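[1] Sequence and computational prediction follow.
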Amino acid sequence: MKVEIINNKKTFWVLVLIPFQVFSMHIAEGFLPKEWAFFWTLVFIPFLVYGYRKLKRQIEKVPSTKLLFAVVCAFVFVLSSFKIPSVAGSSSHLTGIALGAILFGASTMSVAGLIVLLFQALLLAHGGITTLGANAFSMAVVGAFSAVWVYKLAVKLKVSQWLCVFLAAVVSDFLIYVTTSMQLALAFQSETNSLLENAIKFMSVFAITQVPLALIEGVFTVFVFKLLLNYSKNELTLLNPLLK
């Protein structure tokens, strides 16, 4: 699909209204132009390398957290596998990435995100291999770092812990969808519309379902967070002193 296909408003809305799954929160296989798919892969790789090294050090420091990391990956996989129909044949879904970001740190979620997205692309045809870098960047980088920043800010403001987690998950989910919309707007720029105008149009496809889904994700994340903290508080506080 070439960038030139979106050169006016009518063409844009014809594309959006075709009931394909290219506008789900995971960008579908082959949908991004190859130069953009390559670009996002290059952007994601440094985060993956750093995240892997940090995760390796964490597991060496506290070996018992290996199982907890597996639980976090499973949580992300399950939540992000459920697609909820949105408008015009598109779909939205939860992500679950905030939980791991708060527990293990934002950078380690690049590893979890890659594992989850790879399995989903191969087993569920959800997302794709060529779009793996773009999807991983939006979910496992933007989603993870925004969750940690919001959590830390809420802690400084002396907000209760459950509300810190809830806010982190809600903002993380919302910013993932905003980032995906920006990625699509960049890839399919229009001669008649600005980048921001295109991004707003893409975001409008998700907005009806994504806002309530972000709130639901916040509730799920708080529940699982409290469950893990009750059973593994000693191990997790060694990794993240903010969890004390």
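    Yep, it's here.

[2] For the rest of this, base every contact and every neighbour count on C-alpha atoms.
    Noted.

[3] Look up the closest residue to K83, ignoring the ones flanking it.
    Among residues not flanking K83 along the chain, H93 sits closest, at 4.9 Å (Cα to Cα, 6 or more residues apart in numbering).

[4] Which pLDDT does the model give the one you found?
    If you check H93, the pLDDT there is 78.

[5] Tell me how far it lies from Q183.
    17 Å (Cα to Cα, to the nearest Å).

[6] who has more neighbours, these two?
    The residue with more neighbours, out of H93 and Q183, is H93; 24 against 21, by other Cα atoms under 10 Å.

[7] hang on, the more buried one packs against V78?
    No: the criterion here is Cα atoms under 8 Å, and H93 misses it with V78 at 10.5 Å.

[8] ok, the residue nearest in space to the middle of the chain - contacts?
    Centroid-nearest residue in the chain: M139, 2.0 Å away (criterion: Cα atoms, centre = their mean). The contact partners of M139, taken as Cα atoms under 8 Å, 6 or more residues apart in numbering, are T95, I97, G113, I176.

[9] contacting residues around the third one?
    Which is G113. Residues in contact with G113 (Cα under 8 Å, 6+ apart) are C73, V76, I97, A136, M139, A140.

[10] how distant is the helix or strand where it lies from the center of its chain?
    Using DSSP states H and E, the element containing G113 is helix 109-123. Mean C-alpha position of helix 109-123 versus that of the full chain (Cα atoms, centre = their mean, to the nearest Å) differs by 11 Å.

[11] what does stretch 190-204 give?
    Chain-centre distance of stretch 190-204: 21 Å, with Cα atoms, centre = their mean.

[12] cool, and stretch 194-211?
    Centre-to-centre, stretch 194-211 and its host chain are 16 Å apart (Cα atoms, centre = their mean).

[13] And the average pLDDT for that stretch is what?
    For stretch 194-211, the per-residue pLDDT averages 75.

[14] Report the backbone C-alpha coordinates of that stretch in PDB.
    Output in PDB follows, covering the C-alpha atoms of stretch 194-211 (Å, rounded to 0.1, in the frame of the first residue of the first chain):
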ATOM      1  CA  SER A 194      -1.500  18.200   8.200                       C
ATOM      2  CA  LEU A 195       0.200  15.400  10.200                       C
ATOM      3  CA  LEU A 196      -1.900  16.400  13.300                       C
ATOM      4  CA  GLU A 197      -5.200  16.300  11.300                       C
ATOM      5  CA  ASN A 198      -4.400  12.900  10.000                       C
ATOM      6  CA  ALA A 199      -3.500  11.700  13.500                       C
ATOM      7  CA  ILE A 200      -6.700  13.000  14.900                       C
ATOM      8  CA  LYS A 201      -8.700  11.100  12.200                       C
ATOM      9  CA  PHE A 202      -6.900   7.900  13.000                       C
ATOM     10  CA  MET A 203      -7.400   8.400  16.700                       C
ATOM     11  CA  SER A 204     -11.100   9.000  16.100                       C
ATOM     12  CA  VAL A 205     -11.400   5.400  14.800                       C
ATOM     13  CA  PHE A 206     -10.400   4.000  18.200                       C
ATOM     14  CA  ALA A 207     -11.700   6.700  20.600                       C
ATOM     15  CA  ILE A 208     -15.200   5.400  21.200                       C
ATOM     16  CA  THR A 209     -14.000   2.000  22.600                       C
ATOM     17  CA  GLN A 210     -10.500   2.800  23.700                       C
ATOM     18  CA  VAL A 211     -11.300   5.300  26.500                       C
END
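
[15] Sounds good, over and out.
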